[in-house]
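Here's my sequence, what's the structure:
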Amino acid sequence: MSFGRREFMYLMAALGSTPMFANSHMRLSPESKLDNYYKLKPFGNARILHMTDSHAQLEPVYFREPSVNIGLYGNKNVPPHVVGKDFLDYYHIKGNDRLTYAFSCVNFEKHAKAIGKVGGFAHIKTMVDTLRGDFGKDKTLLLDGGDTWQGSWTSLQTRGKDMVGAMNLLGVDVAVGHWEFTYKAKEILENVKALNADFIAQNVFVKEDALMDGSPAFDDDSGLLFKPYVIKKLGNARVAIVGQAFPYTTIANPKRFIPDWTFGIKPDELQELIGTIKKKDKPDAIILLSHNGFDVDKKLAQVVSGLDFIMGGHTHDGVPEAVPVKNKEGTTYVCNAGSNGKFLNVLDLDIQDGKIKDFKFTLLPVFSDLVPEDKEMRAYIDKVRKPFLQDINRVIATTDVTLFRRGNFNGSFDQIICDALREVKGADVSLSPGFRWGTSVMPGQEITFDDLATQTAMTYPETYLKEMDGTTIKNVLEDVADNLFNQDPFYQQGGDMVRTGGLSYTIDPLKKMGKRISNVKMLDGKPLDPKKKYKVAGWSTVGSKAAGEPVWETVEAYLKNVKHLKELKVDSPEIIGLKGNNGLTKC
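This next block holds a predicted model:
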């Protein structure tokens, strides 16, 4: 069931004549009215809706934007590496509590208490249906940028099938993947078959020996696993959508689940494909639906010509403009749509005489208190969650501390995981992956198993306890730091910095590989001994399966013993060498 304009509750009247963002047709407003929030001025003749990185969050959530998202070199002090008050200043957001809450960590607890949760597929369904209905269903396309089938207890238990059903009900037209590939190959292909959308990727291939053994592929000659692109007719316009799955899947995630598939960044192949599409299909616009991450997409836009837009994901950045990137043939605009169902991108194109004459781009925050739920999606969510309610509603502990994950270094929920690993496993040091997914829990709330699952529900959750010498521990920190802060975005192949428990360290992100980490100390203040053996606990091994219990069992046991979090010390490193960098702040 879709809602009409009267039921949708809009705002966003103009504040003078100043547009909210550079290429948006949504405008700032005072918050005296809540009856017209999402109204966009009519523009163009083709509409692209885009969401990404929902991480299976069917229900509305709290989600704190990062206070640390460091950009270096050419990405210093430009979106998305501008946070907190600097972000608000960059985009001239003043006096608007809703936009402050949506796009920054500034006064997060205050705004969360007043405004409430964001996202939720029943609310997104209402927005999608309204935006389609207002513009014309035949002229509107909905893209899903991946990381949709993972991140909740229900998605793990159904192997992503709950999200396939939600995507079908939402009306997704085209999709790509990343965490989708952390299920087994057979499960992935079953889900793709059940998905009504086109699942595309120009950079995922089946190995030659697997092809010879009969492994399924979209094209046996090229080895492509999926269709590389699709042509969609939007009114009188023809738009090509090219798929770009996360290129480093088998580096950042286990290859043991998908041993016959290979991934890569593939800029040369992409350039050749663009030429083929232009010659063969003669589209009016070419859009890359990407899960590269924002900085990688910017570099790709520099080295590959012929793309009009890159609709990106992976790094969870809510960037309220289409960022222009110059290349040898013109300009490609890079867009992102945040995470956890918190935002919906709207790209309106004015296509005339076979090309884009103009466009308007708007990143819409999904405020759950302003948008009514779609009844059909609400019923579906209740149905898929019902078998698991006893688990997900189980109260584990309570907290006076805001719990969150997103940021380049330890978040408070990461710290709980690290503390749990050390205490329950009897370790000196704990290491937890720098995952970006995971929602927030507000002070004064109960911590449920549902909350814990948003931080831990994955297909390789097993814990380990093993000995490492001090040199190995430091090398782990150096390796992950290079992955995060390498000067070449094409070598940034994973998430944020590994989270640590039981030690402290200093980091200079501008140093070279092997020189960024210094002053590593244990909690007793003693320096990390390069030769000494330490007990190290962790989880989520990318290589062979670890032998320990799933990490959610470890953390639940720890929290049940703690019962109530009155305070929490987060083991964040000392960051040096970044004076004047607006990618870190205190919120």
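
Show me what the helix or strand encompassing Val480 packs onto, helices and strands only.
Using DSSP states H and E, Val480 maps to helix 470-485. The helices and strands touching helix 470-485, judged by 3 or more C-beta pairs under 8 Å, 6 or more residues apart in numbering; DSSP states H and E, are strand 503-507, strand 517-522, strand 533-539. (C-beta placed from N, C-alpha, C; glycine too.)

Gly495: which of those is closest?
Closest to Gly495 of the helices and strands packed on helix 470-485, according to C-beta to C-beta: strand 533-539, at 14.1 Å.

Okay, buried residues for the closest one please.
Neighbour-count burial for strand 533-539 flags Tyr534, Lys535, Val536, Ala537, Gly538, Trp539 (criterion: 16 or more other C-beta atoms under 10 Å).

before we move on, back to that, what's next to the helix or strand following the helix holding Val480, contact-wise?
Downstream of helix 470-485, the next assigned helix or strand under DSSP H and E is strand 499-501. Under the criterion C-beta atoms under 8 Å, 6 or more residues apart in numbering, residues 409-411, 414-415, 417-419, 421-422, 429-434, 477, 571, 573 lie in contact with strand 499-501.

quick one: average confidence on strand 499-501?
Strand 499-501 comes out with an average pLDDT of 97.

ok, now stretch 143-159?
Mean predicted confidence for stretch 143-159 is 98.

tell me the domain ranges of the protein?
Using automatic domain parsing, the domain ranges for the chain come out as 5-61+117-381, 396-575.

ends of the shortest one, how far apart?
In domain 396-575, first residue to last residue: 34 Å (C-alpha to C-alpha, to the nearest Å).

How far off centre is that domain?
19 Å (C-alpha atoms, centre = their mean, to the nearest Å).

next one: the first one
Counting by C-alpha atoms, centre = their mean, domain 5-61+117-381 is centred 12 Å from the centre of its parent chain.

So that it lines up with my notes, have the first residue be 44 from now on.
With 44 as the first residue, the last one maps to domain 48-104+160-424.

thinking Gly356 is in contact with Val339, fair?
No: in this structure Gly356 lies outside contact range of Val339 using C-beta atoms under 8 Å: 10.9 Å.

When these two are compared, which one has more neighbours?
Between Gly356 and Val339, Gly356 has the larger neighbour count (other C-beta atoms under 10 Å), namely 33 against 27.

that older thread, and the helix holding Val523 with strand 560-565, angle?
With axes from the mean of the first three to the mean of the last three C-alpha atoms, to 10 degrees defining the directions, helix 513-528 sits at 130 degrees from strand 560-565.

shaky segments in this structure?
The model of the chain has pLDDT under 70 over residues 44-65, 67-80.

try it again with 80
Within the chain, the set of residues satisfying pLDDT under 80 comprises 44-82, 537.

any chance of the helices and strands packed on helix 513-528 in TSV, with distance to Glu102 too?
As requested, these are exported to TSV (distance: least, C-beta to C-beta, whole Å):
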stretch	distance to Glu102
strand 546-550	36
strand 560-565	39
strand 576-582	25
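
Please report the distance of Leu627 from Val563.
20 Å (C-beta to C-beta, to the nearest Å).

And Gln498, by the same measure?
Distance from Gln498 to Val563, by C-beta to C-beta: 26 Å.

more neighbours, the two?
Gln498 (25 against 20).

Remind me what the helix or strand containing that one packs against, helices and strands.
In this structure, Gln498 sits in helix 492-499 according to DSSP H and E. The contact analysis (3+ C-beta pairs under 8 Å, 6+ apart) places helix 492-499 against helix 196-200, helix 432-435, strand 438-442, helix 455-468, helix 594-605.
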